[in-house]
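> predicted model, plus sequence, below.
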Amino acid sequence: MKIKNDFSKILNSYFTCHLQLERKFSVNTYSTYLIVIKQYITYLNGIGIKSNNIFINDFNKSNVLSFLNYVENDLNCSAKTRNHKLAILSSFLEYAQSINPIYLTVYLDVKSIKLKKIVKEKMDYMTINELESFFKAIDLKHKSGYKHYVLFTILYETGVRVSELINIKIDDCYLTTDHPYIRILGKGNKERIVYINDNVVKMILEYLNKFNIKDGFLLRNHSNGQYSRFGVNKTIDKYYEIAKKECPTLERKRITPHTFRHSKAVHFLQNGTALPIIQRFLGHSSIQTTEIYLDIANDVVIEAVKLAANTLSSDNVESKWDNDENLITMLENLKL
């Protein structure tokens, strides 16, 4: 009996119906899933399974484990990346078995693959001094330098993710209201409002006027097009090389777009901002995420403990036991 190959049909339905319409994935998340599935198909091609002859049963435990080993050992991907790819492949198989129960066994086999333990890496953040060194590295005499200054200022002052940053449009900026803000479309297409101070408002208005930007994306690259993630990272690398010469402590840190977000959050905490406010500012769905996110700021907590100890030293506390006749009488009358 010839087995019907419904791989292409289910795969197409998975992306067009399930991810887009049912789960309402953002463009970035959708693209990530697509890349991983394509990568797995390319891997199958490499072990002799042609694209036009792939069956869903080729997503079996043996092939998936072999693919994950390839990802870790040949591509030098982290355990976190390996686990993420496994989750995406499992997601596809879960959908496949919901369409056709014949794939339940292959789904459960792949689902049984254990996740690799992730070694938690310390998150870097920039001190105020390091941040100032970074901004001083920018030459404001050139148009590109001015654009980069605006880009980094918005990145830090709003604490947005790089994917959120490059998708900010002019229509998302409410600069003339009593409390100016930028509307951000975050993870899972969730909207949030990020308030900005008057200095940032002034800078954005001057930037828009200087480059005659009236609509479309707020931040533009050298070709006046939309910034890409790669473009933002490349720009950061450029100024990092300059800034670390003036500020040696930057040498020990890896500066990425997310470092600006970390830095803003830590500076909030250092200034005494409450965690729920930081949580809302960053767009975290739970305060536990914010707590983990700010684990790097243990030095801040230690300092707070020291300050608290100073406010309640033994020298300042009057003993309530000494010379309290009522208390002494009560203790004497106790029958032990």
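Nice, thanks for sending it over. Numbers count the residues shown, from 1 in each chain.
> all strands for the stretch 1-150 of the chain, in order.
Assigned strands in the stretch 1-150 of the chain: none (criterion: DSSP state E, counting those that start in this stretch).
> pLDDT below threshold where in it?
1-4, 120-122 (pLDDT under 70).
> so where do the helices sit in it?
With helices called from DSSP state H, counting those that start in this stretch, the stretch 1-150 of the chain shows them at 7-13, 27-46, 61-69, 79-99, 104-111, 128-136, 143-158.
> and if you look at the stretch 151-300 of the chain?
Going by DSSP H, counting those that start in this stretch, the stretch 151-300 of the chain shows helices at 162-165, 198-210, 229-246, 257-270, 275-282, 287-293, 298-311.
> least confident of the ones you listed, on average?
Within the helices of the stretch 151-300 of the chain, the stretch with the lowest mean pLDDT is helix 298-311, showing a mean of 54.
> please tell me how far the residue nearest to Thr290 when sequence neighbours are not counted sits from Arg192.
Of all residues not flanking Thr290 in the chain, Gln279 sits nearest, at 4.2 Å (Cβ to Cβ, 6 or more residues apart in numbering). For glycine as for every other residue, the C-beta is placed from the backbone atoms N, C-alpha and C. As judged by Cβ to Cβ, to the nearest Å, Gln279 and Arg192 stand 11 Å apart.
> settle it for me: which of those two has more neighbours?
Gln279 (20 against 16; other Cβ atoms under 10 Å).
> contacting residues around the more buried one?
Listed by Cβ atoms under 8 Å, 6 or more residues apart in numbering, the contact partners of Gln279 are 286-287, 289-290.
> buried among these? Make that a PyMOL selection.
Only the buried members of the contacts of Gln279 enter the following PyMOL selection, criterion being 16 or more other Cβ atoms under 10 Å:
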select buried, resi 290
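> pick out whichever of the contacts of Gln279 sits closest to Pro180.
Thr290 (24.2 Å; Cβ to Cβ).
> so what's the closest one up against?
By Cβ under 8 Å, 6+ apart, the neighbours of Thr290 are 265, 275, 278-279, 282, 284.
> I'd like these as a markdown table, with distance to Leu21 appended.
Formatted as a markdown table, those follow (distance: Cβ to Cβ, whole Å):
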| residue | distance to Leu21 |
| --- | --- |
| Ala265 | 34 |
| Leu275 | 36 |
| Ile278 | 34 |
| Gln279 | 30 |
| Leu282 | 29 |
| His284 | 27 |
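> so which of those wins on neighbours?
Neighbour max across the contacts of Thr290 (other Cβ under 10 Å) = Ala265, 25 neighbours.
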